[in-house]
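>>> Give the three-dimensional model of this entry:
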Amino acid sequence: AASTAANYTVTATDANGATATFSISIDVNTAPTLSYTINRALTVGRAADTTGGGTNYTVSTGGGTGTRTYAVFSGSLPPGLTLNTGTGAITGTPTTAGSYSAVIRVTDSAGYFTDATFAIAVNPAPTLTYTSPINVLTTANGTVVATPNLSGGTGGFTYSNINFSGPGFNNNFNFNGTTGVITADTPQAGTYVRDITVTDSNGATSTFRLTINVTAP
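Residues are numbered from 1 along each chain as shown. The predicted structure follows:
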């Protein structure tokens, strides 16, 4: 435990003026410390990331005397998350969306304690849809033909698409991997079926099968 030294000199004097001197050094331990830094909200069904560069939150703790123990003093953690009573780490996979706040108390072996608030939002899993099927003319060059409808998830979304059936999609449409918007690029007649997936910053995904019918005017 971190400590600072306090040095004292004690002098005793008797009735005849005789003295004796004694020096003493006392280590004063610091109180335990605890803090949580929230970097990103959680998503239902995705395990909390507390180790990598894209962590949801980090914990910092130290000081105190002897063994430190941790407990939820008030409030509540998101359902699915648990507190490690020996380290203060909070891990698990959230199951219910909402905003949660808990006061975590760290207590050292001397009985001194410090409180820290752990407050975090849990977003519902993402849900992706498009209006489908979409009917497009072969003359619709440069026209936005599909815009995603997205709910839930945690910001920082990316979109990807793979072919399910039909002619070459990428030769007839431009697909924006950041927004999920699809723009016509001199499309040829045919029926294009794509599986489009959105992924949020916690790795949660949703996939929608989109059909685009292209016909001549």
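>>> Tell me the spacing between residue 15 and residue 21.
Applying CB to CB, to the nearest Å, the value for residue 15 to residue 21 is 17 Å. Placement of C-beta: from N, CA and C, glycine included.
>>> out of these two, which sits in the busier spot?
residue 21 (9 against 5; other CB atoms under 10 Å).
>>> Name the helix or strand for the more buried one, please.
Assigned by DSSP states H and E, residue 21 belongs to strand 19-29.
>>> That strand: partners in the sheet, and parallel or antiparallel?
strand 3-13 (antiparallel) (DSSP bridges).
>>> Buried residues of stretch 167-176, list them for me.
Using 16 or more other CB atoms under 10 Å as the burial criterion, the residues of stretch 167-176 that qualify are 169, 172, 173, 175.
>>> can you tell me the distance between the two ends of it?
End-to-end span of stretch 167-176 (CA to CA, to the nearest Å): 19 Å.
>>> OK, contacts around residue 181?
144, 146, 147, 148 (CB atoms under 8 Å, 6 or more residues apart in numbering).
>>> Using ChimeraX, define a selection of the buried residues within those.
Those of these that count as buried under 16+ other CB under 10 Å are selected in ChimeraX with:
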select :146,148
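>>> And the contacts of residue 181, which is closest to residue 95?
residue 148 (25.9 Å; CB to CB).
>>> Quick check, pLDDT for that closest one.
Residue 148 carries a pLDDT value of 97.
>>> Roughly how far does the nearest residue to residue 112 once chain neighbours are set aside sit from residue 180?
Spatial nearest neighbour of residue 112, excluding adjacent residues (CB to CB, 6 or more residues apart in numbering): residue 31 at 4.8 Å. Here the distance between residue 31 and residue 180 works out to 51 Å (CB to CB).
>>> With neighbour numbers in mind, choose between the two.
Neighbour totals were compared for residue 31 and residue 180, and residue 180 leads with 24 against 15 (other CB under 10 Å).
>>> Pull the contacting residues for the more buried one.
Applying CB under 8 Å, 6+ apart, we find residue 180 in contact with 128, 147, 148, 150, 157, 159, 196, 198.
>>> Quick one, which of these are buried?
128, 148, 150, 157, 159, 196, 198.
>>> The contacts of residue 180 in strands, which ones?
128, 150, 159, 196, 198 (DSSP state E).
>>> distance of residue 7 from residue 30?
18 Å.
>>> Hmm, I typed the wrong one, I wanted residue 161.
Residue 161 is 56 Å from residue 30, by CB to CB.
>>> before we move on, the earlier item: next, format the ones in strands among the contacts of residue 180 as JSON lines and append distance to residue 85.
Converted to JSON lines, the ones in strands among the contacts of residue 180 look like this (distance: CB to CB, whole Å):
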{"residue": "128", "distance to residue 85": "39"}
{"residue": "150", "distance to residue 85": "39"}
{"residue": "159", "distance to residue 85": "41"}
{"residue": "196", "distance to residue 85": "44"}
{"residue": "198", "distance to residue 85": "37"}
